[in-house]
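In: below: sequence and its predicted model.
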Amino acid sequence: MKEDKEGFLYPTVNRNLCIECGKCETVCPKLHSFEAHEPLKVFAAQHFDESARAASSSGGIFTLLADAVINEGGVVFGARFDSDWSAIHDFTETHEGLQAFRGSKYLQSRIRNTYQQAEKFLKSGRQVLFTGTPCQIAGLKKYLRTDYDNLLAVDFVCHGVPSPLVWKKYLEETIACQCEKKSVLLHSNPLISERGSIAHIHKRKIDTISFRNKDLGWKKYSFALTLSEVTTIGEQNTVFLSTIFSENTYMQAFLANFSLRPSCYHCPVKGGKSGSDLTIGDFWGIEKIAPELDDDKGCSLIIAHTDKMMNWLENNSILSEIPIQEEPFRSNLSYYTSPAQPANRSFFFNQLIKNGFHEAWKNTVSTKLTDRVLRKIYHFL
């Protein structure tokens, strides 16, 4: 895999090792997508445990599914943060390990060798729950080329995947600003050392990051970050940074489609084309369809695609089914529709590489005459 100038990873072919067998083209989801099909069933659901729902982005349904698989001796694959707060795919065989997979992570995760690991578990007869974006699930299904009965493939209603480079620059600049210094360690371990104005050495680290903090409610979720500082004389301080999603610059760039991978603007696996057994997501608009579920603590949209998934849900009895009679996708357009590519996207990435995230975003959305002229000049060059 090779990283391009925007921070996205792309597969490359080693011509010295390639035997021209054509297998990579045969399994490519872009060249050979799954057929679209109507959902077997659509319903709303919420985790019965309030603490589990509070710790989840929406209704806590991933936790319900994952706990059930772990109870059966199975394995769960999902996305977690690594030591530098990038997103990677990994697996767990314990309930404790699920904590790292909970919560939305609005950046592209690296699959690494998890397809091979999942195949090994499947061939050994273990139950496998594999969660990911629709394109990641499509990649898994194409890689396996076998419809395993013990595989539960679950994707989610996806807006698109932002650039890891955008995330890295945003995080570096945000923490550097908070620390009033030009460099900051993103690693959660070990601690960062900084000699302060006094003779003590301050150590700082990022403790937690949440893209969907629900302290102000599910609909007014916030981006939240916890930073801790320890001094050599034993003092410890904790800084909690939180901004509502609509006021957070990283979320603004994401939701306005500027930071997305180019293929997201023409996603070939929308509308149930990924080959997943189940699609989950936020049930936006639930207040109009089933207002009794609208407690602003989170409600999940569940879209079942296969008989295997329906049978598994019925046999495990983990959901209190709430069928949806009205159109559920009216407020969930991302299930079917790809995001529109902004006219100034290339300008944004050009500015990002030159000036960093915050300056790039300011120059991209500013209505000042000088910034409008700057964008015009860029497009003419």
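Out: Right, received. Where do you want to start? Residues are numbered from 1 along each chain as shown.

In: quick one: residue 280 is in a helix?
Out: No: under DSSP: H, G, I helix; E, B strand; the rest coil, residue 280 sits outside any helix and is assigned strand.

In: for the remainder of this discussion, apply numbering that starts at 23.
Out: New numbering, starting at 23: the last item is residue 302.

In: quick one: it and residue 321 touch, right?
Out: No: with contact defined as Cβ atoms under 8 Å, residue 302 does not count as touching residue 321 (11.2 Å). The way it works is simple: take the backbone N, C-alpha and C, and place the C-beta from them, glycine included.

In: tell me, what's touching these two both at once?
Out: Listed as contacting both residue 302 and residue 321 by Cβ atoms under 8 Å, 6 or more residues apart in numbering are residue 80.

In: what number of residues lie near residue 288?
Out: 11 (other Cβ atoms under 10 Å).

In: now it, nearest residue through space, not along the chain?
Out: In space, and not counting its chain neighbours, residue 288 is closest to residue 360: 5.8 Å by Cβ to Cβ, 6 or more residues apart in numbering.

In: so that neighbour lies in a strand, does it not?
Out: No: Residue 360 is assigned coil when assessed by three-state DSSP, not a strand.

In: state the pLDDT value of it.
Out: Listed pLDDT for residue 360 reads 96.

In: mind checking how far it is from residue 29?
Out: From residue 360 across to residue 29, the span is 20 Å (Cβ to Cβ, to the nearest Å).

In: one more: residue 267?
Out: Applying Cβ to Cβ, the value for residue 267 to residue 29 is 22 Å.

In: cool, and residue 153?
Out: If you go by Cβ to Cβ, the gap between residue 153 and residue 29 works out to 23 Å.

In: residue 184 too?
Out: From residue 184 to residue 29 the distance is 9 Å (Cβ to Cβ).

In: likewise residue 247?
Out: In terms of Cβ to Cβ, residue 247 sits 20 Å off from residue 29.

In: for residue 283, same thing?
Out: Taken as Cβ to Cβ, the span from residue 283 to residue 29 is 10 Å.

In: so what sits against both of these two?
Out: Shared contacts of residue 283 and residue 29, counting by Cβ under 8 Å, 6+ apart, come down to residue 185.

In: would you list every one of the strands in this protein?
Out: Chain-ordered strands for the chain, with DSSP state E as the definition, fall at 24-25, 31-32, 63-67, 97-103, 109-114, 150-153, 173-178, 214-217, 223-235, 244-253, 258-266, 300-304, 322-326, 344-345.

In: the second one pairs with which strands?
Out: So the one you mean is strand 31-32. Sheet pairing for strand 31-32, assigned by DSSP bridges, gives strand 24-25 (antiparallel).

In: who has more neighbours, residue 302 and residue 321?
Out: A count of neighbours by other Cβ under 10 Å puts residue 321 above the other of residue 302 and residue 321, at 26 against 23.

In: I'd say the more buried one and residue 315 touch.
Out: Yes: using Cβ under 8 Å, residue 321 is in contact with residue 315, at 5.0 Å.

In: identify the contacts common to these two.
Out: 66, 68, 305, 308.

In: quick one: which of these has the most company?
Out: Counting by other Cβ under 10 Å, top hit in those: residue 305 with 30 neighbours.

In: doesn't residue 68 make contact with that residue?
Out: No: taking contacts as Cβ under 8 Å, residue 305 lies outside contact range of residue 68: 9.2 Å.

In: between those two, which contacts overlap?
Out: With Cβ under 8 Å, 6+ apart, residue 305 and residue 68 have common neighbours 81, 315, 321, 322.

In: low pLDDT regions in this protein?
Out: Scanning the chain for pLDDT under 70 picks out 201-226, 253-256, 339-348.

In: go through the shared contacts of residue 305 and residue 68 and say which is closest to residue 111.
Out: Top of the list for closeness to residue 111, among those and by Cβ to Cβ, is residue 322 at 21.4 Å.

In: find the nearest non-adjacent residue to the closest one, please.
Out: With sequence-adjacent residues excluded and distances taken as Cβ to Cβ, 6+ apart, residue 322 is closest to residue 81, at 3.2 Å.

In: and the shared contacts of residue 305 and residue 68, which of them are buried?
Out: Those of those that meet the buried threshold are 81, 315, 321, 322, by 16 or more other Cβ atoms under 10 Å.

In: most widely separated two among those?
Out: Put simply, by Cβ to Cβ the two of these set farthest apart are 315 and 322, 9.8 Å from each other.
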